[in-house]
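Student: I'd like to go over a predicted model; first the sequence, then the structure.
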Amino acid sequence: MDTSEVLDFHLHLDSWGLAISLVIGYVYGVRRLAQHHAPRGEPAITARQPWLFGLGIVLMLAVSTWPLHDIGERSLFMFHMTEHMILSLAVPPLLLLGTPWWLIRLVVRPVLGAVKQLTRPLPALLMFNVVLAAIHAPQVVELMVTSQLFHFGAHAALLITATIMWWPVLGPIPDTPRLEPFQRIGYLFLQSLVPTVPASFLTLAEGTVYDIYETFPRLWGISVQTDQTVAGLIMKLGGGAILWTAITITFFTWFAEEERVEAPVG
């Protein structure tokens, strides 16, 4: 394979199939199920929710289809890392925030008991970070870039456990209330620290961590060493930026609510 083949177009029917299925389910739920399941006295869906859900779908497709996915799978690990960060830290909260709570509850109702257990803070953090660490092990990365089916399954596991990780922060259904503001800040802060270990390993490594990337054509003349250093920075700084944005929003929202409650009436 040469550099020109890296950018050959591929449709990625698996990713498109997942995205289309989610959109069809979303539209069907909002249009057909709302009249029977949406609570009385409140809108079935808010004005901003379709935009948030749509942005989540667009980001998911942007990183899991041509050309970004192909570059990450055939040339540059930094693109692979970018895909992981978007799929775990941007897509799940957007999809959860963009979906009406009653529709989420309807979907998870058959397994609500398991959802309540798995979305507790400690299990949620552990599951996500175990999966995140596992898919960055050299043997797993090699299998991901050589098997499209395994790659899709690994990303599905990442997306599912990332959704579970975000669940205590967002509390998308009344059955699983979100953490209190101070607890959310601590939870997100802890999550921001955990990935710094593998990120630092990538950034500071003197040799090649993922040998298979030495066999790939190097787009734009980027060396393997530079590639994995940038990938580590994306994991550490990019992931941290998303999580610290969530921490900042949580803090100032909490502060504004406290000010409103304490403000004198009249």
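Tutor: Received, thanks.

Student: now F189: which helix or strand?
Tutor: F189 is part of helix 181-193 when elements are defined by DSSP states H and E.

Student: other SSEs contacting the helix or strand just after that helix?
Tutor: Using DSSP H and E, the next helix or strand after helix 181-193 towards the C-terminus is helix 196-204. Judged by 3 or more C-beta pairs under 8 Å, 6 or more residues apart in numbering; DSSP states H and E, helix 196-204 is in contact with helix 224-233. (Each C-beta comes from the backbone N, C-alpha and C, glycine too.)

Student: could you tell me the angle between the helix or strand just after the helix it packs on and helix 181-193?
Tutor: Note on helix 224-233: by DSSP H and E, the next helix or strand toward the C-terminus is helix 239-262. Going by axes from the mean of the first three to the mean of the last three C-alpha atoms, to 10 degrees, helix 239-262 is angled at 170 degrees with respect to helix 181-193.

Student: now do the residue sitting nearest the centre point of the chain against P168, distance only.
Tutor: By C-alpha atoms, centre = their mean, the chain has its centre lying nearest to S88, at 1.9 Å. Note on S88: its distance to P168, by C-beta to C-beta, to the nearest Å, is 15 Å.

Student: then V23?
Tutor: According to C-beta to C-beta, V23 stands 26 Å off from P168.

Student: neighbour count winner among those two?
Tutor: P168 (22 against 13; other C-beta atoms under 10 Å).

Student: in three-state terms, label that one for me.
Tutor: In three-state terms, and counting by DSSP: H, G, I helix; E, B strand; the rest coil, P168 is helix.

Student: quick revisit: how far off centre is the helix holding F189?
Tutor: The chain centroid and the centroid of helix 181-193 are separated by 17 Å, computed with C-alpha atoms, centre = their mean, to the nearest Å.

Student: same for that helix, what does it pack against?
Tutor: Partner elements for helix 181-193 (3+ C-beta pairs under 8 Å, 6+ apart): helix 121-134, helix 148-170, helix 239-262.
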